[in-house]
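J.: Need a 3D model of the following:
(2 chains)
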2 protein chains.
Amino acid sequence: MTESQTSRIVIVGASAAGLRAAARARRRLPDAKILVIDRGSYISYGACGMPYFVSGDIPNVNKLRETPYGLIRDPDFFKTAKGVEVITEIRVERIDRDARKVFCTSVRTGEASEYSYDKLVLATGSSPVILPGVHIDGKRILTFKNLEDAITIRKSLETGKIEKVGIIGGGFIGCELAETFGALWGAKVVLIDAAPTILPSILDTEMASAVEAYLKSEGVEIHTNCPLEGITESEGAVSIKTAQVTFEVDCAVVAVGVKPNSKLAADCGLAVGKTGGIIVDDRMATGDPDIYAAGDCVEVRHLISGKSLHLPLGSLANRQGRVIGSNLGGGNDRFGPVVGSAAVKIFDMNVAATGLTETSALNTGFTVGCAWGTFTDRAEYYPESQNVHLKLVFDSGSGRLLGLQGYGKGEVVKRVDVFAALLKREGHLEDLLDAEFAYAPPYAPAVDPLYSLGCAARNAMLEGLQPVSPAIRCDDRVIIDVRQAHETESKPLPEKDTLNIPFPEMRDKWETIPKDRPIICICSKGVRSAESVRFLKDRGFSNIVYVGGGFLMKPAG
Amino acid sequence: MTESQTSRIVIVGASAAGLRAAARARRRLPDAKILVIDRGSYISYGACGMPYFVSGDIPNVNKLRETPYGLIRDPDFFKTAKGVEVITEIRVERIDRDARKVFCTSVRTGEASEYSYDKLVLATGSSPVILPGVHIDGKRILTFKNLEDAITIRKSLETGKIEKVGIIGGGFIGCELAETFGALWGAKVVLIDAAPTILPSILDTEMASAVEAYLKSEGVEIHTNCPLEGITESEGAVSIKTAQVTFEVDCAVVAVGVKPNSKLAADCGLAVGKTGGIIVDDRMATGDPDIYAAGDCVEVRHLISGKSLHLPLGSLANRQGRVIGSNLGGGNDRFGPVVGSAAVKIFDMNVAATGLTETSALNTGFTVGCAWGTFTDRAEYYPESQNVHLKLVFDSGSGRLLGLQGYGKGEVVKRVDVFAALLKREGHLEDLLDAEFAYAPPYAPAVDPLYSLGCAARNAMLEGLQPVSPAIRCDDRVIIDVRQAHETESKPLPEKDTLNIPFPEMRDKWETIPKDRPIICICSKGVRSAESVRFLKDRGFSNIVYVGGGFLMKPAG
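T.: So this is what the prediction gives:
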């Protein structure tokens, strides 16, 4: 194909960011020529839904490719309905910025082609990180990035070829796949990660430990601190070799993260950050004012840490695509810094977070305060109420909100979403106490968990009621268990040498507590123990803290 | 009892506000004497849970009175665990502000008593509004305010004495009780309201109509615009007389709202507002610096309208109680203006709202813009995804957010809670586009409904893509139905004379549309029709709008 005589918009990548930019640009520029080039064969599919296709929850793969009204989002659809030309199985090899051209190769035929652009959008996405010693064969040793991967795995599951699976990587995909393989297909799952805990980008250690314990209770075998040395395949059997042990499985899925596809940009001299992502300004333009970039191939700026990071989330890609579409059409839309909300469902547990973890807040240089809490997500007495376990991270000097993370069978995500709205406006603890929640027993307790957590944090900051991590080691401290006898009996503390004083008896019995030793109070959820600390502080006990979130957040053993 | 020699805090009313104030004051003032006086026999119960006790979802009434760790919240509990004295079945008759005394009568014995205070807290709650011509007998003609009411009704249901019930009032309680009686006990329910639509404090007409249609589909008989003339009882049969018709039922529940119990305050010269609520400042103090008031007996200020209103919500009462407790202890806590979030579950439908309705925004004097949308609450392809129907109200000059209301089987409340967080910070449409949601297919679509709704509103405000209410009458306008044939066939429009041009065919067929008549586009959810409007505007059609929220928000027939 020769260079077109008409100026046009060329978009590289036909996924969320690219197609959203195309559609929006089309609306703003009814007469523009818009061409989207993709190297894959499937475009515009719901990649985040792939685990649910593999699990069988979504019976047909086309469900991931359909509009709500039942049309497949293929190039024909985009041409007819959206007025956007999409060509697939064409790889863009090179950008000539001076000539304003992209040079391409057909994936199928190897035929070369080139296209001129007036404006270029890079939405090249990301690729799975491949570890040394691993050869992805696409059959029994796979990544989990493309629809083809999902189809291969689903077929193998359906034909009974996978009874034991090894998942390398305890991130979002790894955790989702643990459920996919384990819950619906009854496969034995081994989850392996080199890091000390799973989901480290959103959960601090003590939170991750609880999620790991839950995964184990669902039959998943977890090996953290377990660096991979290689994966080999021989006659249908796959061996996963780690420093400690070798696992024999039927199938290995490598999901250790993705890296931005920024080579095309780098090769033509556009700036790429330390994260590997293309650097863009808040209009999503690169250093070349005629070239924009969006989605998994760019880096973004974190609102709170101020740092650049690579955050490959479909929700951000969509928003970025719209910004570019507007700006291509003469607009001046902005994409600001992010707080990085994320969620993942693991079996029946909801895990979500926004903002900074305690670890990342400390690394950023904040003076960090934390509060933990176990709450029911609905009114305590409402039959369907479930627990949520939350950790709040804040600046202990100013009270500025820094992050929230949570897990539990209850409604965690709502609290994270509300918290994110406050974070975006640089909210403080007072904003949690001022927040209004639509209350009815099926939706929330009269006092919402976020409100209670805000109170706990303020009590820590202003009134010295100090919680400690539920993962704390008690060492030589006196443990006062303020739960009722029926609670203590059914769920005893692992620590010996505890003093049981049920909270309602504290007013009568406090004088039996030794004053000369450091004290830790614990109850079930962290409320009675905090109140006990206050009571005892008023009576002259000074070296005294309570276990945030209570027994129900304490790691077993 | 004679006047105590020791100064103390007296609190009138042992429900959420009063007891929260007591507990917080106790923590701040370890040595203060704190006395709570209540005229009822049950204290500190979860009144909002009563419908679920009546329905049988909550088997035992004590569940509404228990702490999470299984103790009944009775006076003994408060004395032992909290160090707060509570006396019940004592009515406070009069306050002498000069002498700083309250004068009381025992409900049981009529015996008089008096108590001195240094600080007084009024948490006297609210009482049901009783209509003229209605005599509440507490047996077959009841209000639904106290635990005694709930116990009476539950007993009658259990013994089969209620087969048909009349509910007067289509507010929160009325709608909840419709489910309570209908869904779990199979009673025939007639819901009667003098107003044109149900839930007018949170829903505009077109939204309420949809909820009414749903209630009818669940077997509830609804009569709006139906003023009550009286209720009489004779030999176990109850007659509900209205202007139009008389209903014979086994039981009538009158739930037409509550009024603040502010007489005690008014009688001692404290200011009471037009709403009937006690006037307090932002420290929750009345005009007398030694008297505070909180909960259902006070009025609050609306952040957006600036108006005073009576907003009897348990969630606010708790927060107000904490503010008073802090301030009694020498603090300077504030309770700011509210946005008024509320939610109610009706059968399987979730209804929630925050801020102003279109009606209330117009009454306040805003230049109002609206956007409607039908969305799936999770990823479209996720098996458990359900629809939510949202209406956004904003200032069409500045883009300031004014309110959100929604209904649907999907997750409405989360969107309302996030929106409320933005409202509290005086957010604008841009904030919806900037909001971050924790995205995974089980929790949200990649593009959250609030984001899409924000886009629709901005498109209306800045780009002339005007939605109209789904309740619009089409009159002489040309209706262009841009749905696919399979949609049009299975869910035809009631209007005749519609032109069917499926959205993907619009680029081919637009020239068949008459240019000289006003046009309304409609699709299923409001997305394709909005895009069609944009497409047609670009081709010279000017008198053209689309149905916000689409066919799925359109009232039947």
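J.: which non-adjacent residue is nearest the closest residue to chain B within the stretch 51-200 of chain A?
T.: Of all residues in the stretch 51-200 of chain A, A:Ala81 sits closest to chain B, at 3.8 Å by C-beta to the nearest C-beta. All C-beta spots, glycine's among them, are computed from the backbone N, C-alpha and C. Spatial nearest neighbour of A:Ala81, chain neighbours left out: B:Pro504 (3.8 Å); criterion: C-beta to C-beta, 6 or more residues apart in numbering or on different chains.
J.: State whether the one you found is indeed within a helix.
T.: Yes - remark: B:Pro504 belongs to a helix, assigned using DSSP: H, G, I helix; E, B strand; the rest coil.
J.: number of nearby residues for it?
T.: 20 (other C-beta atoms under 10 Å in any protein chain shown).
J.: For it, list the residues it contacts.
T.: By C-beta atoms under 8 Å, 6 or more residues apart in numbering or on different chains, B:Pro504 lies in contact with A:71, A:77, A:80-81.
J.: So for the residue nearest to A:Gly287 when sequence neighbours are not counted, what pLDDT did the model give?
T.: Spatially, and ignoring its direct neighbours in sequence, A:Gly287 is nearest to A:Ala271 (5.4 Å; C-beta to C-beta, 6+ apart). On pLDDT, A:Ala271 comes in at 98.
J.: Would you mind confirming that A:Ala271 makes contact with A:Thr286?
T.: Yes - under the criterion of C-beta atoms under 8 Å, A:Ala271 makes contact with A:Thr286 at 7.1 Å.
J.: so what sits against both of those two?
T.: A:278-279.
J.: who has more neighbours, these two?
T.: A:Thr286 (24 against 13).
J.: Check the offset of the helix or strand bottoming out on mean pLDDT in chain A from the chain's centre.
T.: Every helix and strand in chain A was compared by mean pLDDT, DSSP states H and E; the lowest is helix A:185, with a mean of 82. Its chain's average C-alpha position is 24 Å from that of helix A:185, according to C-alpha atoms, centre = their mean, to the nearest Å.
J.: again with stretch A:324-331
T.: Distance, centroid of stretch A:324-331 to centroid of chain: 29 Å (C-alpha atoms, centre = their mean).
J.: Kindly state the pLDDT recorded for A:Thr6?
T.: For A:Thr6, pLDDT reads 48.
J.: For the residue nearest to A:Gly287, give me its contacts.
T.: A:278-279, A:286-287.
J.: For it, give its distance to chain B.
T.: With distances defined as C-beta to the nearest C-beta, to the nearest Å, the gap from A:Ala271 to chain B amounts to 25 Å.
J.: And for A:Thr364?
T.: 18 Å.
J.: how about the helices of the stretch 401-550 of chain A, start to end?
T.: Secondary structure of the stretch 401-550 of chain A (DSSP state H, counting those that start in this stretch): helices located at A:413-424, A:429-434, A:449-463, A:485-490, A:506-509, A:527-538.
J.: quick one on the thing from earlier: looking at the contacts of A:Ala271, spot the one nearest B:Ala99.
T.: Taking C-beta to C-beta as the measure, B:Ala99 sits nearest to A:Ile279 out of the contacts of A:Ala271, at 73.8 Å.
J.: Please work out how many residues are found near the closest one.
T.: The burial count for A:Ile279: 19, using other C-beta under 10 Å.
J.: how much space between the nearest residue in space to it that is not next to it in sequence and A:Ala294?
T.: Ranked by C-beta to C-beta, 6+ apart and with sequence neighbours excluded, the top spatial neighbour of A:Ile279 is A:Ala271, at 4.3 Å. According to C-beta to C-beta, to the nearest Å, A:Ala271 and A:Ala294 sit 15 Å apart.
J.: measure stretch A:157-165 end to end?
T.: End-to-end span of stretch A:157-165 (C-alpha to C-alpha, to the nearest Å): 10 Å.
J.: I'd like to know if stretch A:519-528 reaches chain B anywhere along the stretch.
T.: Yes - contact of stretch A:519-528 with chain B (C-beta under 8 Å from any C-beta of the partner chain) involves A:523-525, A:528.
J.: which residue packs closest to A:Asn62, ignoring adjacent ones?
T.: Looking at A:Asn62 with C-beta to C-beta, 6+ apart, the closest residue is A:Ile72, at 6.2 Å.
J.: distance of that neighbour from A:Ser398?
T.: 52 Å.
J.: quick one, helices of the stretch 51-200 of chain A?
T.: Taking DSSP H, counting those that start in this stretch to define them, one finds helices in the stretch 51-200 of chain A at A:75-77, A:147-158, A:172-179, A:185.
J.: Filter the contacts of A:Ala271 down to the ones in strands?
T.: Among the contacts of A:Ala271, none falls in strands (DSSP state E).
J.: Contacts only, for the spatially most central residue of chain A.
T.: When chain A is reduced to its mean C-alpha position, the nearest residue by C-alpha atoms, centre = their mean turns out to be A:Ala342, at 3.7 Å. Applying C-beta under 8 Å, 6+ apart, we find A:Ala342 in contact with A:172, A:201-202, A:313, A:352-354, B:438-440.
J.: residues in the stretch 1-150 of chain A within reach of chain B, list them.
T.: Counting by C-beta under 8 Å from any C-beta, the stretch 1-150 of chain A sits next to chain B at A:16, A:27, A:30, A:46, A:48-49, A:52, A:57-58, A:63-64, A:66, A:68-71, A:77, A:80-81, A:83.
J.: And A:Gly406, how far from A:Asp204?
T.: Going from A:Gly406 to A:Asp204 by C-beta to C-beta gives 12 Å.
J.: Can you check which residues contact both of those two?
T.: A:Lys391.
J.: Those two: which is more packed in?
T.: Using other C-beta under 10 Å, the more surrounded residue of A:Gly406 and A:Asp204 is A:Gly406, with 32 against 24.
J.: For the more buried one, name its beta-bridge partners.
T.: Using DSSP bridges, the beta-bridge partners of A:Gly406 come out as A:Ala352, A:Leu390.
J.: quick one: it and A:Lys391 touch, right?
T.: Yes - using C-beta under 8 Å, A:Gly406 makes contact with A:Lys391 at a distance of 7.0 Å.
J.: Right, and chain B sits closest to which residue of the stretch 451-557 of chain A?
T.: Per C-beta to the nearest C-beta, A:Pro504 is where the stretch 451-557 of chain A lies closest to chain B, at 3.8 Å.
J.: I'd say A:Val253 and A:Arg140 touch.
T.: No - between A:Val253 and A:Arg140 there is no contact under C-beta under 8 Å: 9.8 Å.
J.: Nothing else from me, thank you.
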